[in-house]
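> pasting a predicted model and its sequence here:
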4 protein chains.
Amino acid sequence: MIAILSNQAPEEQLQEVIRVIENEGLSVHLSRGADRTVVGLVGTAEPRLAEHLRQMKGVEDVVKITKSYKLASRDFHPEDTVIQIGDVKIGGGELVVMGGPCAVESPEQIDEIARLVKAAGGQVLRGGAFKPRTGPYSFQGVGVEGLIMMAEAGKKHGLLTITEVMTPEYVDICAEYADILQIGTRNMQNFDLLRKLGTCGRPVLLKRGFSATYDELLNAAEYILAGGNPDVMLCERGIRTFEPYTRNTLDLAAIPALQSLSHLPVISDPSHGTGRRELVEPMAKASVAAGADGLIIEMHTDPDNSMTGDGVQSLFPDQFAGLMRDLEQLSPIVGKSFSTKKAEAESFKNWAIV
Amino acid sequence: MIAILSNQAPEEQLQEVIRVIENEGLSVHLSRGADRTVVGLVGTAEPRLAEHLRQMKGVEDVVKITKSYKLASRDFHPEDTVIQIGDVKIGGGELVVMGGPCAVESPEQIDEIARLVKAAGGQVLRGGAFKPRTGPYSFQGVGVEGLIMMAEAGKKHGLLTITEVMTPEYVDICAEYADILQIGTRNMQNFDLLRKLGTCGRPVLLKRGFSATYDELLNAAEYILAGGNPDVMLCERGIRTFEPYTRNTLDLAAIPALQSLSHLPVISDPSHGTGRRELVEPMAKASVAAGADGLIIEMHTDPDNSMTGDGVQSLFPDQFAGLMRDLEQLSPIVGKSFSTKKAEAESFKNWAIV
Amino acid sequence: MIAILSNQAPEEQLQEVIRVIENEGLSVHLSRGADRTVVGLVGTAEPRLAEHLRQMKGVEDVVKITKSYKLASRDFHPEDTVIQIGDVKIGGGELVVMGGPCAVESPEQIDEIARLVKAAGGQVLRGGAFKPRTGPYSFQGVGVEGLIMMAEAGKKHGLLTITEVMTPEYVDICAEYADILQIGTRNMQNFDLLRKLGTCGRPVLLKRGFSATYDELLNAAEYILAGGNPDVMLCERGIRTFEPYTRNTLDLAAIPALQSLSHLPVISDPSHGTGRRELVEPMAKASVAAGADGLIIEMHTDPDNSMTGDGVQSLFPDQFAGLMRDLEQLSPIVGKSFSTKKAEAESFKNWAIV
Amino acid sequence: MIAILSNQAPEEQLQEVIRVIENEGLSVHLSRGADRTVVGLVGTAEPRLAEHLRQMKGVEDVVKITKSYKLASRDFHPEDTVIQIGDVKIGGGELVVMGGPCAVESPEQIDEIARLVKAAGGQVLRGGAFKPRTGPYSFQGVGVEGLIMMAEAGKKHGLLTITEVMTPEYVDICAEYADILQIGTRNMQNFDLLRKLGTCGRPVLLKRGFSATYDELLNAAEYILAGGNPDVMLCERGIRTFEPYTRNTLDLAAIPALQSLSHLPVISDPSHGTGRRELVEPMAKASVAAGADGLIIEMHTDPDNSMTGDGVQSLFPDQFAGLMRDLEQLSPIVGKSFSTKKAEAESFKNWAIV
């Protein structure tokens, strides 16, 4: 850490800064330039110290040389984290595809979609039982019933399941029914929820806040890791920009950047990341080409009538299956493995592409 | 509401759209142009219908003519909401100033700051007992103890109190000790928390998410109002932009814009909105000139040593008192009233301005 | 300037960095921490050196301690720049108001508007002869004719004039007819144009690019100053954010921030900064409260029929005059002077407020 | 086009809107709802009319049903534009790679880099002779000399050339020496420059402004097309967001989105789009997977010593050659063709990957 003082600051202010640093048991390295004096800190500083120095008189800036997160950092954990759940390994060279509807609507709906996800080659069934909605009058999900429906569909078709949890008090019940807990973009900095996930006993997929930096995402992951849960996946799902054509701007550079900063697997969500069905397929491929460890994709058997209105970004089943076949070809070129089971995919013949 | 279809869409798609609308008990008004057909909906549509239509085949766009929130809208509630707590009226022509430290640190600290806020003319004591922090290793607040300290300081000095609540399970205890509950920027869309606030029995100050639109802020307020709590203040506290010099970009146009869209009082937070002490004073004045109903401002007796690091944006007590005197002059010009008690302000002589 | 190297970088890379710095005639101050080594540069470095170091092997980051602009910086020019044109002093304590239509349309239009601007207390007549338009099929301005019309109207009514210049080849003719040249937001980094303005012999109002940082704005000003023209005004006119309700987000913190970083006068444009007539008045007042040295405001006698479509953000003449009277009251509170001539303002009686 | 009026607007205002529309020779389709009245326009409206209506009294909003650009739109030109220059076809199924240094520095430098671009399989040599720089004290390019050096290197090694032109007066000389003219991000809305390009006789690569929407980019292209030049390539080069880790956020969804809105070829620039060498390779692959018609990539033989400081985002020659080999494998999967000539690539043995 470095503190920068203007040379117009009185000498007492510099001495006070030095005193504060030395009180923390650290030593100081002074570098006096023409206009500014740089105070280097030698030793391991508490994060709080940066905050303290920044607000001291005479201090123009404090530059952190090391990162504020540790357990999430590749510096402290050089090897890739591989999260194994049953037969599926996430982060270990296998491309993992999570598919399913925005919201669980009925036992029949989720069962049929689970069948189609499995047949196309997906490994995880996604579906929301509790839905975060901008306004109070929109459909809010079917609740605990949905968890049960999804668990049954997953078990029947041999898929893992992932569902969103929105508040600490529902963590336990979601962890009882789902294999992976998902934290939505609006809850990335719901710190009480993050703390609770540290002890939930399930892997967590943590979505990037739609205006969060990489650093903030990794600090949010740090809450879960520091709580004792090592199984965190990071998820890029699009950020908010000034462009109105897409619902969000999917920041694919986040994939290799996060993989370089951290050892945690990185998943891409081209459905929410674009908000437009016709962009999901090219952005799914681009995500894999950029090195994603997995994808989470919305698919619906009747997207025109989905209950959340997210049908506009849901693939039809045969689009989903076609995309899986393309990913099977693409994955090996970027060092990933992914296989569809062609025979089962035959069952899609009845679905017309739009 | 209007649905727009391309004329290249087959006639069946248009008919299907009409069928869906009429099934909802609404009537349809068709307008066929050269390239596009516009389907107007006559009657009161459920919000879900817009979502449904948007995802139907052939539909290019759906334009909502009316807003998705109702209770928060000035259309449905033309008069200003005035929130009265004890002697203080918020939204009724009196400028309300909430001052205090970022975090409650000790009984002595909060007592001394309360005395100074009161003496300068402020009506509400702010202070955080639970602190949302980007990383898990930063100071997280003193917790319930802090609530008690602040309640005592407020009572002793004749100030109302406001404190942040971060999670549904703490709403009751915060409501027991504080007069106003504050929802932070990261929790604006913590929907379970919003729902809980609908029945908390206390006025709520709802901060705009740092990347939220006005529409989303008003929809978040709608959750609280729809839950049965009519006493909501909206708070502009700065949005995230590409500018690195300030911590946030304080969007002052939000003040008159929100007052035009809604009847709820609008409070400005120039401390978080700028993140720099020297900008707080000009932006506080600008907020009042733009029509703010109140201000929430950080002040600390020893900002160099605040426990959260937010000292960089905290005013010194005599800066705070000087600002109050300026606001006393400025308020009447924009139709607001605010008075400092000059005599008590004398007690600031010992504080040196930085 | 400081270069930061990882301690995992080989010693040769550090030595190469040191060699490059010393080759520039500077000396080096080394500070070795546990994980990183900080190389401080002592002496005055060329701007290019930062760029060079940043791309060298082993270098993680380069932090500039001093700014890349000089002539625009308050460090090098502590006193406020006051630009005097005729009787008007910009930056010297007098609030300067520039009013007029988006575009000059006819001699009658600009003459009548000039009369109204003068009567209300404005000092400068604004109006576009050349208009930057998003698409090629929109009205592009009346061209050189417009310059002549505006010059005549200004002279007749005793107003200075300001007009936008869009390309280097038109700088000379614009400088012949107008007192102040305006650079629009899209041309803030049109470097050939900036260079040409360095020798144009007229004061320049430089609008901030709608996605430019303060640092980039000051560097753009530096081009003009370095070319030999000391008379530059900086103009905040709103930045692009995700908020759709306003055309731009007017960043008022830019006013005190730029005044702290630079000695140049700062003007605010609440018309383009909001894009909505009803927000112009509160944001004009807020700009003055934040310390603006002047305002540039659109006013039109028939905004419903303006040729550019910017009528939605143009004040009616009596709104403009009413605002001037409010500014007369507000200015002294923030240490500025501004006076309207009440008698002449009587002529507005015929205009109905909308 | 649709105009929306509140039913609280007086009937005269509605009648005035109708009168204005009918005066333009259009007919009107009225749809009266409970709260709002929708006025549909039938016939082909001038773009100016939308602007006019928007500013009329009583009008709440104007929604354009058709786009403001025509020549650039796929609606008016359904087939892909293929730009043929010599043997190279851009937009026709062949992946086009443009490689080279940020700036031309010397005849030797550009000759050697041209040789390496050709050997790796690239078809176009990029290099800047005139450089847009944020501050006036940075290296501004070698000027016309650079054009000549690059033209010679291109001719010698059988490559087309592309270079940036910054101001209308240099269009002719750049068009004399280069095969393709590039418009940089800061000049996307330099309308005088765009107009000049309409008659320059050379294909143009138009970079998206770093805060421009798709719609604005297509309107900028429309200026060139309307001037008579049909050969325009659109280039995604990253937008400005709040993320500090990357220089820009490369918006890859722009590739399929622009291809859907327009018939013009779309090129991706992963070098400026990320600003970090280690991200160029994954984002180049992702661009191709997303459907890009070409790439423009910085490569330098001595990036540690590039004159612009853009060495941090330049590939080393063997990284560039390695990427070309990967693209050769990847292209067919997304329906593109690209071939490297393996034999010539042997010459890279001497370059060490960093």
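Good, I have the coordinates.
> please enumerate the helices of the stretch 51-200 of chain A.
Ranges of helices in the stretch 51-200 of chain A, per DSSP state H, counting those that start in this stretch, are A:107-120, A:144-157, A:171-177, A:191-197.
> for chain D, which of those is the nearest?
With C-beta to the nearest C-beta as the criterion, chain D lies closest to helix A:107-120 of these, at 17.8 Å. The way it works is simple: take the backbone N, C-alpha and C, and place the C-beta from them, glycine included.
> mean confidence for the closest one?
Along helix A:107-120, the predicted local confidence has a mean pLDDT of 97.
> what's that helix packed up against?
Helix A:107-120 is packed against strand A:96-100, strand A:124-126, helix A:144-157, helix A:317-330, helix A:342-345, with contacts defined by 3 or more C-beta pairs under 8 Å, 6 or more residues apart in numbering or on different chains; DSSP states H and E.
> and for residue A:37, the neighbour number?
21 (other C-beta atoms under 10 Å in any protein chain shown).
> what residue ranges in chain A score low on pLDDT?
Per-residue confidence of chain A (counting by pLDDT under 70) places the weak regions at A:47, A:342-354.
> quick one, domains of it?
When chain A is parsed with the TED database, its domains come out as A:2-63, A:83-351.
> closest one to residue D:279 among these?
Of all the domains of chain A, the one in closest proximity to residue D:279, counting by C-beta to C-beta, is domain A:83-351 (5.3 Å).
> and that closest one, how far out from the chain middle?
Here domain A:83-351 shows a centroid-to-chain-centroid distance of 9 Å under the convention C-alpha atoms, centre = their mean, to the nearest Å.
> what of stretch A:67-79?
Distance of stretch A:67-79 from its chain centroid, counting by C-alpha atoms, centre = their mean, is 17 Å.
> how long is that stretch end to end?
Chord length of stretch A:67-79, first to last residue, is 18 Å (C-alpha to C-alpha, to the nearest Å).
> could you find the closest non-adjacent residue to the closest residue to chain B within the stretch 201-350 of chain A?
At 2.3 Å from chain B, residue A:309 is the closest residue in the stretch 201-350 of chain A, using C-beta to the nearest C-beta. On the basis of C-beta to C-beta, 6 or more residues apart in numbering or on different chains, the spatially nearest residue to residue A:309 that is not a chain neighbour turns out to be residue B:51, at 2.3 Å.
> same question, residue A:130
Spatial nearest neighbour of residue A:130, chain neighbours left out: residue A:141 (4.7 Å); criterion: C-beta to C-beta, 6+ apart.
> what's the burial count for that neighbour?
When counting by other C-beta under 10 Å, one arrives at 25 neighbours for residue A:141.
> residue A:120 contacts residue A:324, correct?
Yes - between residue A:120 and residue A:324 a contact is recorded at 4.4 Å, counting by C-beta atoms under 8 Å.
> tell me the contacts of residue A:76?
Residue A:76 makes contact with residue A:70 under the criterion C-beta atoms under 8 Å, 6 or more residues apart in numbering or on different chains.
> again, 10 Å this time
Taking C-beta atoms under 10 Å, 6 or more residues apart in numbering or on different chains as the contact definition, residue A:76 lies against A:67, A:69, A:70, A:262, A:263.
> tell me the one of those nearest chain C?
Relative to chain C, and with distances defined as C-beta to the nearest C-beta, the nearest of the contacts of residue A:76 is residue A:67, at 9.9 Å.
> distance of that closest one relative to chain B?
Separation of residue A:67 from chain B (C-beta to the nearest C-beta, to the nearest Å): 10 Å.
> for the closest residue in space to that residue that isn't next to it in sequence, name its beta-bridge partners.
Closest residue to residue A:67 in three dimensions, ignoring its sequence neighbours and counting by C-beta to C-beta, 6+ apart: residue A:73, at 5.6 Å. Residues in a beta bridge with residue A:73, per DSSP bridges, are residue A:262.
> make sure residue A:114 is actually in contact with residue A:123.
No - no contact is recorded between residue A:114 and residue A:123 when judged using C-beta atoms under 10 Å, the distance being 11.7 Å.
> just give me the neighbour total for residue A:170.
The number of residues packed around residue A:170, counting by other C-beta under 10 Å, is 20.
> which residues touch the residue at minimal distance from the centre of chain A?
In chain A, the C-alpha closest to the average C-alpha coordinate belongs to residue A:235, at a distance of 2.2 Å (C-alpha atoms, centre = their mean). The contact partners of residue A:235, by C-beta under 10 Å, 6+ apart, come to A:98, A:182-185, A:188, A:204-208, A:217, A:254, A:258, A:265-269, A:272-273, A:292, A:294-296.
> what about 7 Å?
Residue A:235 makes contacts with A:205, A:206, A:207, A:208, A:267, A:269, A:296, as judged by C-beta atoms under 7 Å, 6 or more residues apart in numbering or on different chains.
> in the sheet, who's paired with the closest residue to the last one other than its chain neighbours?
When you say that, I think you mean residue A:296. Closest residue in space to residue A:296, ignoring its immediate chain neighbours: residue A:98 at 4.2 Å, by C-beta to C-beta, 6+ apart. Beta bridges link residue A:98 to residue A:124, residue A:296, judged by DSSP bridges.
> number of nearby residues for residue A:98?
Under the criterion other C-beta under 10 Å, the count of neighbours that residue A:98 has is 28.
> measure residue A:251 to residue A:314 for me?
As defined by C-beta to C-beta, to the nearest Å, residue A:251 lies at a distance of 22 Å from residue A:314.
> neighbour count winner among these two?
Set side by side, residue A:251 and residue A:314 give different neighbour counts by other C-beta under 10 Å, the larger being at residue A:314 (28 against 25).
> contacting residues around that one?
Applying C-beta under 7 Å, 6+ apart, the residues contacting residue A:314 are A:101, A:102, A:271, A:277, A:298, A:299, A:300, A:303, A:306.
> these in strands, which ones?
Secondary-structure check on the contacts of residue A:314 using DSSP state E: residues within strands are residue A:298.
> for the closest residue to chain C within the stretch 51-200 of chain A, what are phi and psi?
Sorted by distance to chain C under C-beta to the nearest C-beta, the residues of the stretch 51-200 of chain A start with residue A:65, at 4.4 Å. Backbone torsions of residue A:65, given as degrees, to the nearest 10, read phi -90, psi -30.
> contacting residues around residue A:129?
By C-beta under 7 Å, 6+ apart, the residues touching residue A:129 are A:104, A:141, A:142, A:143, A:144, A:146, A:147, A:150, A:163.
> now, among the contacts of residue A:314, which is nearest to residue D:20?
Within the contacts of residue A:314, proximity to residue D:20 (C-beta to C-beta) peaks at residue A:277, which comes in at 38.5 Å.
> so what's the residue count around the closest one?
Neighbour count of residue A:277, defined by other C-beta under 10 Å: 20.
> was I right about it contacting residue A:316?
No - with the criterion set as C-beta atoms under 7 Å, residue A:277 and residue A:316 do not qualify as a contacting pair; they are 8.2 Å apart.
> excluding its backbone neighbours, what's nearest residue A:60?
If you skip the residues right next to it in sequence, residue A:60 has residue A:4 as its closest partner in space, 4.9 Å away by C-beta to C-beta, 6+ apart.
> now name the helix or strand holding that neighbour.
Using DSSP states H and E, residue A:4 falls within strand A:2-6.
> following that strand, which helix or strand shows up next?
helix A:11-23.
> what packs against that next one?
Using 3 or more C-beta pairs under 7 Å, 6 or more residues apart in numbering or on different chains; DSSP states H and E as the contact test, the elements touching helix A:11-23 are strand A:2-6, strand A:27-32, strand A:36-42, helix A:47-54.
> what are the buried residues along that helix?
In terms of neighbour count (16 or more other C-beta atoms under 10 Å in any protein chain shown), helix A:11-23 has its buried residues at A:13, A:14, A:16, A:17, A:20, A:21.
> cool, stretch A:227-234 as well?
Neighbour counts over stretch A:227-234 (16+ other C-beta under 10 Å) mark A:227, A:229, A:231, A:232, A:233, A:234 as buried.
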